[in-house]
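*Asks:* this is a predicted model, with the sequence first.
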Amino acid sequence: LQNVKIDLERLLSTLRSKNTQLEEDLKREQQWHEEQEQVVEALNRTEEESKAKVAQLSKKSVFTELQNQTLKVKIYKEELLNALNEFLGEHFPIPESGGKAEMKNSSEEPATELIKLNDILEILTNKLMNTPHEPYVTISKSFWPPYIELLLRFGIALRHPEDPNRIRLQHFHI
């Protein structure tokens, strides 16, 4: 019995030391686990912040890109308008006789100043863009009749169905 008792005491001592060692290992593992959780939380926060920054930067870059495209379109529009004005000025000048439409009964009314074709087109375009529900423009005496006829013949402008003294720009939808 004595031998068994001694063996059991040694076993108990060994088990207690093993138990303390396991408790220490458990504490270290729990501490390591807590540190790993903190690292994961920190990484998740960093990831969220990075995503927010990337989203903000992408919005800024999209906005900047749109601004650049808008600027390019405006420049291109100006180039087109200048080219159109040059073409119309060269090929469709103001009518002769000093740009005045002389009336047959010139003794009663003064001559009317005629406007260029590009001004007529600009008036029609502005009317169409500003009031699309009522795009018709009344033909005034300052519109040279051959220019109006030219616009009507080539389908650039249309007459009002009820009032032949009013025209509008044709819709050029593709």
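*Replies:* That came through fine.
*Asks:* distance of the residue nearest the centre of the chain from Lys72?
*Replies:* Closest residue to the average C-alpha location of the chain: Leu66 at 5.2 Å, with Cα atoms, centre = their mean. Leu66 sits at a distance of 11 Å from Lys72 (criterion: Cβ to Cβ, to the nearest Å). Bear in mind the C-beta positions are built from the backbone N, C-alpha and C, glycine included.
*Asks:* for the protein, which helix is longest?
*Replies:* helix 2-91 (DSSP state H).
*Asks:* now do it: distance to the chain's middle.
*Replies:* 30 Å (Cα atoms, centre = their mean, to the nearest Å).
*Asks:* that helix - contacts with which helices or strands?
*Replies:* helix 117-130 (3 or more Cβ pairs under 8 Å, 6 or more residues apart in numbering; DSSP states H and E).
*Asks:* just give the number of residues close to Leu169.
*Replies:* 21 (other Cβ atoms under 10 Å).
*Asks:* shouldn't it be in contact with Gly155?
*Replies:* No: applying Cβ atoms under 8 Å as the test, Leu169 and Gly155 come out as separate, 10.6 Å apart.
*Asks:* so Asn165 is in contact with Val137, correct?
*Replies:* No: Asn165 is beyond contact range of Val137, at 9.8 Å (criterion: Cβ under 8 Å).
*Asks:* what's the neighbour count on the nearest residue in space to Asn118 that is not next to it in sequence?
*Replies:* Among residues not flanking Asn118 along the chain, Leu88 sits closest, at 4.2 Å (Cβ to Cβ, 6 or more residues apart in numbering). When neighbours are counted by other Cβ under 10 Å, Leu88 registers 17.
*Asks:* who are the contact partners of Leu88?
*Replies:* Applying Cβ atoms under 8 Å, 6 or more residues apart in numbering to Leu88 gives the contacts 116-118, 121.
*Asks:* compare Asn165 and Val137 (neighbour count), which wins?
*Replies:* A direct count of neighbours by other Cβ under 10 Å for Asn165 and Val137 places Val137 higher, at 20 against 11.
*Asks:* report the separation between Ala157 and Ile148.
*Replies:* Computed as Cβ to Cβ, the Ala157 to Ile148 distance reads 7 Å.
*Asks:* list residues touching both of those two?
*Replies:* Common neighbours of Ala157 and Ile148 (Cβ under 8 Å, 6+ apart) are Ile167.
*Asks:* give the buried residues for stretch 87-95.
*Replies:* Neighbour-count burial for stretch 87-95 flags 88, 92, 94 (criterion: 16 or more other Cβ atoms under 10 Å).
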